[in-house]
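Engineer: Pasting the sequence and the predicted coordinates here, then a few questions.
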Amino acid sequence: MKIDLGDERPLGLERDGQWVDFEHLSESERLVYGIGLVMALSTTGKGLRMVMLDGLDSCDVERRRAIVEQAVRLIKAGQLDNVLGTAWSREGFEDDSVQVIEV
């Protein structure tokens, strides 16, 4: 899945070579789109670079793992300080560098 700007309809994703307007994305795809935007914007400034990702259980486990991997990369690269995420299940958070707190 590639995130890009469309010519006439700028918000959306490319899925299987076809542009899909934001309005036609699934809940999970909308969440991934928003997460990508928030993480990108959060790495551009100075100060406390923290991202809060709520409702990660809306994503399937593979997407959750991909989000966690990207968050870990951004933290290790010094581009973000913290990423906090919420989900009902710990699936997808198996990375050893991820601290999981169960409530």
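Structural biologist: Structure received.
Engineer: From now on I want contacts and neighbour counts done on CA atoms only, so please keep to that.
Structural biologist: Fine.
Engineer: Just the strands from this protein, written as ranges.
Structural biologist: 2-3, 12-15, 18-21, 50-53, 82-85 (DSSP state E).
Engineer: Report the distance from the last one to the chain centre.
Structural biologist: Taking CA atoms, centre = their mean, to the nearest Å, one finds strand 82-85 lying 11 Å from the centre of the chain it belongs to.
Engineer: packing partners for that strand?
Structural biologist: Contacts defined by 3 or more CA pairs under 8 Å, 6 or more residues apart in numbering; DSSP states H and E place strand 82-85 against strand 50-53.
Engineer: Let's check: the centremost residue of the chain is which one?
Structural biologist: residue 35 (3.4 Å; CA atoms, centre = their mean).
Engineer: follow-up on the earlier one: tell me the most buried of the strands of the chain?
Structural biologist: strand 12-15 (a mean of 18; mean count of other CA atoms under 10 Å).
Engineer: What mean pLDDT does that one get?
Structural biologist: Across strand 12-15, the average pLDDT comes to 80.
Engineer: Partner strands of it and their direction?
Structural biologist: With DSSP bridges as the test, strand 12-15 is paired with strand 2-3 (antiparallel), strand 18-21 (antiparallel).
Engineer: If I average pLDDT within each of the ones you listed, which one is lowest?
Structural biologist: Taking the mean pLDDT of the strands paired with strand 12-15, strand 2-3 comes last: a mean of 52.
Engineer: ok, for residue 30, nearest residue in space, not its chain neighbours?
Structural biologist: residue 22 (7.0 Å; CA to CA, 6 or more residues apart in numbering).
Engineer: residues in contact with the one you found?
Structural biologist: Shown in contact with residue 22 (CA atoms under 8 Å, 6 or more residues apart in numbering): 11, 12, 13, 30.
Engineer: Could you tell me how far the second one is located from residue 87?
Structural biologist: The one in question is residue 12. Distance, residue 12 to residue 87, by CA to CA, to the nearest Å: 24 Å.
Engineer: thinking in terms of the whole chain, how far from its middle is stretch 19-38?
Structural biologist: Centroid displacement of stretch 19-38 relative to its chain, using CA atoms, centre = their mean, is 10 Å.
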